[in-house]
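Engineer: Sequence and computational prediction follow.
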Amino acid sequence: MKFRYLLPILALTGFLFAAYKVFTGNKPVPVAPAVVEPASAPFKSFIAGSGIIESKSQNIAIGTPLSGIVVSVAAKVGDKVKKGVPLFYVDNREIRAQLAVKQADLIKAQAGVVVAQANVADSRSLSQLAEAVTDKRAISREELLKRRNALAIAKANLASASATVQQAQAAIVDRQATLDRLIVRAPVDGEVLQMNIRPGEFAQAGDVNPPLLVLGNLDQLHVRVDIDENDAWRFNKKNPAVAYLRGNRAFKVNLSFAYVEPFVVPKKSLTGDSTERVDTRVLQALYSFNPSQLTVYVGQQMDVFIEAQDYSPESDTVKAAPTAGAS
């Protein structure tokens, strides 16, 4: 008798459990609270854009014009350097050996000039003696012509020797210029932001990723803001702008307009990778601020809000948004 009701009871239990799971599974999942409150715009009408902090001089990727082994690094991360100060040295032993050969060639060429000058003086004296003979029967016309030609040849040899000297001097200048190129110097006053080269490593010339060294002027910082191309028409460089540190809206700074790059480019995801996925096209505007106003680092992201003009569909006109404080 007990087994007679067992199957119906199990079936009813399974049905009730399935109905419970369906009922509870249909409830909306509560939205998890944000870890930090996102920044909000202090303007009634605004353009929002992602910004990334860079140095005043932009972040300069330092490379080497000639490939070679790095023998010495004269700077380290955080060093403030002046324009023209050496940053690192590439092995120059081969060029120095070539320079020694060119210097020896110059000495040889200068000696050749001395010999050529002596030949010119000798040929000139012989030619003058022949020309000074008044009795034309004392010297044949053929001998007179030979002495004139010998003087001309000696002068030509002197000109050739002088040209060889100039060539040797130019070769020395060329080798010295190459030696100087093996010393990588700072192109501007700035601070070493990143160092990816060490003594003993091979420095490859050309576009290297990551760069051998990154340099930038941190006297003033810039924020490069990506403005969506659909909002580009609303952008006005005279309008105020404010930036919040990404992830903490308690840290903000008022921005001063620096310049805009009037060329719409594909947007990147601000990771610094040259192979990033392109999302849309943006107009890039740069704003500046004093580093003493906010403790930030080059490469950090910021949420930027720029006061913008408002579009009124009713009047089909564009009107300026009321000025709002940056607080």
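Structural biologist: Great, that's in hand.
Engineer: On the three-state scheme, residue 9 is what?
Structural biologist: When classified by DSSP: H, G, I helix; E, B strand; the rest coil, residue 9 comes out as helix.
Engineer: Tell me how many other residues crowd it.
Structural biologist: Applying other Cβ atoms under 10 Å, we find 9 residues neighbouring residue 9. All C-beta spots, glycine's among them, are computed from the backbone N, C-alpha and C.
Engineer: repeat for residue 47
Structural biologist: Neighbourhood size, residue 47 [other Cβ under 10 Å]: 25.
Engineer: secondary structure element for it?
Structural biologist: Counting by DSSP states H and E, the element that carries residue 47 is strand 46-55.
Engineer: what's next to the next helix-or-strand element following that strand, contact-wise?
Structural biologist: The helix or strand immediately downstream of strand 46-55 is strand 60-62, counting by DSSP H and E. Strand 60-62 is contacted by residues 87, 184, 186-188, 190, 208, 211-216 when judged by Cβ atoms under 8 Å, 6 or more residues apart in numbering.
Engineer: for stretch 83-97, same thing?
Structural biologist: Outside stretch 83-97, the residues that reach it (Cβ under 8 Å, 6+ apart) are 62, 64, 66-75, 81, 175, 178-179, 182-189, 192, 197, 203, 212-213, 215.
Engineer: Of those residues, which belong to strands?
Structural biologist: Members of those lying in strands (criterion: DSSP state E): 62, 68-73, 81, 183-185, 192, 203, 213, 215.
Engineer: Which of those sits closest to residue 261?
Structural biologist: Of all the ones in strands among the contacts of stretch 83-97, residue 261 sits closest to residue 215, with 20.9 Å by Cβ to Cβ.
Engineer: burial of the closest one, as a residue count?
Structural biologist: Neighbours around residue 215, by other Cβ under 10 Å: 26.
Engineer: Mind pulling the model confidence for it?
Structural biologist: The model reports residue 215 with a pLDDT of 94.
Engineer: circling back: with just CA atoms, put the strand holding residue 47 into PDB.
Structural biologist: The C-alpha coordinates for strand 46-55 follow below in PDB (Å, rounded to 0.1, in the frame of the first residue of the first chain):
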ATOM      1  CA  PHE A  46      28.500  69.300 -21.400                       C
ATOM      2  CA  ILE A  47      30.800  67.100 -23.500                       C
ATOM      3  CA  ALA A  48      32.200  64.100 -21.700                       C
ATOM      4  CA  GLY A  49      35.400  62.600 -22.800                       C
ATOM      5  CA  SER A  50      38.200  60.200 -21.700                       C
ATOM      6  CA  GLY A  51      41.500  61.900 -21.000                       C
ATOM      7  CA  ILE A  52      45.000  60.700 -20.500                       C
ATOM      8  CA  ILE A  53      47.800  62.600 -18.800                       C
ATOM      9  CA  GLU A  54      50.900  63.300 -20.700                       C
ATOM     10  CA  SER A  55      53.900  65.600 -20.300                       C
END
